[in-house]
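Undergrad: Generate a structure from the sequence data that follows.
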Amino acid sequence: MAIISSRATAADIAKSAGVAKSTVSLAFSAPERVSAKTRERILNAAAAAGYTPNPVAQSLKTGRNNIVGIILADLTNPHGGAVLGQAQQTANDIGYMAMTATASHDPKRDLEFVRKFEQLNIRAAIIMPSGSGHEYVKALATSSIRFVTYGHKLSGLACDHVGLDNRLGMELLVRHLVELGHRRIGHVAGNQRQWSGTERLDGLRESLSEAGLTLEDKYLGFGEYDEDASYRAALKLLRKKDRPTALITANNVTAIGALRAARDLKLRCPEDISIATIDEVPWSELISPTLTHAAQPIGDMAACAATWLIERLEGQNKTELPRFIEFPPKLIVGQSTASIDGH
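TA: Model prediction:
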């Protein structure tokens, strides 16, 4: 067998194996079209040379590849990074690589990445949607890409969805605070144009109602899942003379904004204000007090999304009906909540 350099090409492999270059391409992209004996000879030559085909270039030629897409709303939030890490690992374990894009909460960027993925013949993608309007959903629905939505469900888009049971998360937090004696409970809400934001707010209202309480308008602020906006919303709530004795925030970024507001107003947590949230706050073990939160099983959720995506891609799931799953959160009691008398 000829010695091939470490930067071997398909032509080098073809020469070494004694086949046409097109046969080398078929051996990797459509192995069923090459005899077992010939493919073994090609693979042996490739292994000796350390050769692997370029998956992007191969997909542009054949329209087939083992690449899936992942479009995140925000990679600066550690939640997004955790989702990405687990989804990539699951895809890799099944034999796929993942190409990742971050939209920074911009629906237009979501759609730009979808078009780029289409150009690269990526046929399936996990998307953490940044948008929700009719035109946005229509663009995704008419795309050649098969989607699994993660976190934010889109009305009108017939695809599999993996998310959190947001209402249960709020129920766990409300029940915990009510058991501590809190009755004036405020909320810094998330983006109401997104499924999780509305589900969490509606879930909070329902849980308060079941406890015989209501969410008064004066105790409701909107943080849009943004730290600075959440800081301003929390400041407004905590400056009231009859301020809430407890705040529930929509996610970890929102919680950081609320903690900053309490600090700047010189309110002690939990002695003066209890704070609880959905999502663990980054580096929570370094934050004092540690936050009471409804923890998402991110590993299980991201693994499920990646598995479902590849099942659709490979035709393993024959039903055309969209699948929907909401994972239950778990209450983690930290030091940021206390009984109404501070004990």
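Undergrad: Now do the same for residue 117: its pLDDT.
TA: Note on residue 117: pLDDT of 94.
Undergrad: State the helix or strand in which it lies.
TA: helix 107-119 (DSSP states H and E).
Undergrad: show me where the chain has helices.
TA: Ranges of helices within the chain are 10-17, 21-29, 36-49, 55-62, 78-94, 107-119, 134-141, 166-179, 195-210, 227-238, 252-264, 298-314, based on DSSP state H.
Undergrad: Mind giving me the packing neighbours of the helix holding residue 117?
TA: Secondary-structure packing of helix 107-119 (3 or more C-beta pairs under 8 Å, 6 or more residues apart in numbering; DSSP states H and E): strand 67-72, strand 97-102, strand 124-127, helix 134-141. Any C-beta I mention is one placed from the backbone N, CA and C, and that applies to glycine too.
Undergrad: and the angle from the last one to helix 107-119?
TA: This means helix 134-141. Helix 134-141 and helix 107-119 are oriented at 20 degrees to each other (axes from the mean of the first three to the mean of the last three C-alpha atoms, to 10 degrees).
Undergrad: tell me which strands and helices helix 134-141 is in contact with?
TA: By 3+ C-beta pairs under 8 Å, 6+ apart, helix 134-141 packs against helix 107-119.
Undergrad: weakest of the helices of the chain by average pLDDT?
TA: Among the helices of the chain, helix 55-62 carries the lowest mean pLDDT, a mean of 56.
Undergrad: who's in contact with residue 38?
TA: 17, 19, 23, 27 (C-beta atoms under 8 Å, 6 or more residues apart in numbering).
Undergrad: could you redo the last one with a cut-off of 10 Å?
TA: For residue 38, the contact set (C-beta atoms under 10 Å, 6 or more residues apart in numbering) comprises 17-19, 23-24, 26-27.
Undergrad: one step back: want to throw the helices and strands packed on helix 107-119 into TSV with mean neighbour count and distance to residue 108?
TA: What follows is the helices and strands packed on helix 107-119, written out as TSV (neighbours: other C-beta atoms under 10 Å; distance: least, C-beta to C-beta, whole Å):
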stretch	mean neighbour count	distance to residue 108
strand 67-72	25	12
strand 97-102	18	13
strand 124-127	26	14
helix 134-141	14	9
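Undergrad: Could you export the ones you listed as JSON lines, including distance to residue 339?
TA: Formatted as JSON lines, these follow (distance: least, C-beta to C-beta, whole Å):
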{"stretch": "strand 67-72", "distance to residue 339": "39"}
{"stretch": "strand 97-102", "distance to residue 339": "42"}
{"stretch": "strand 124-127", "distance to residue 339": "42"}
{"stretch": "helix 134-141", "distance to residue 339": "45"}
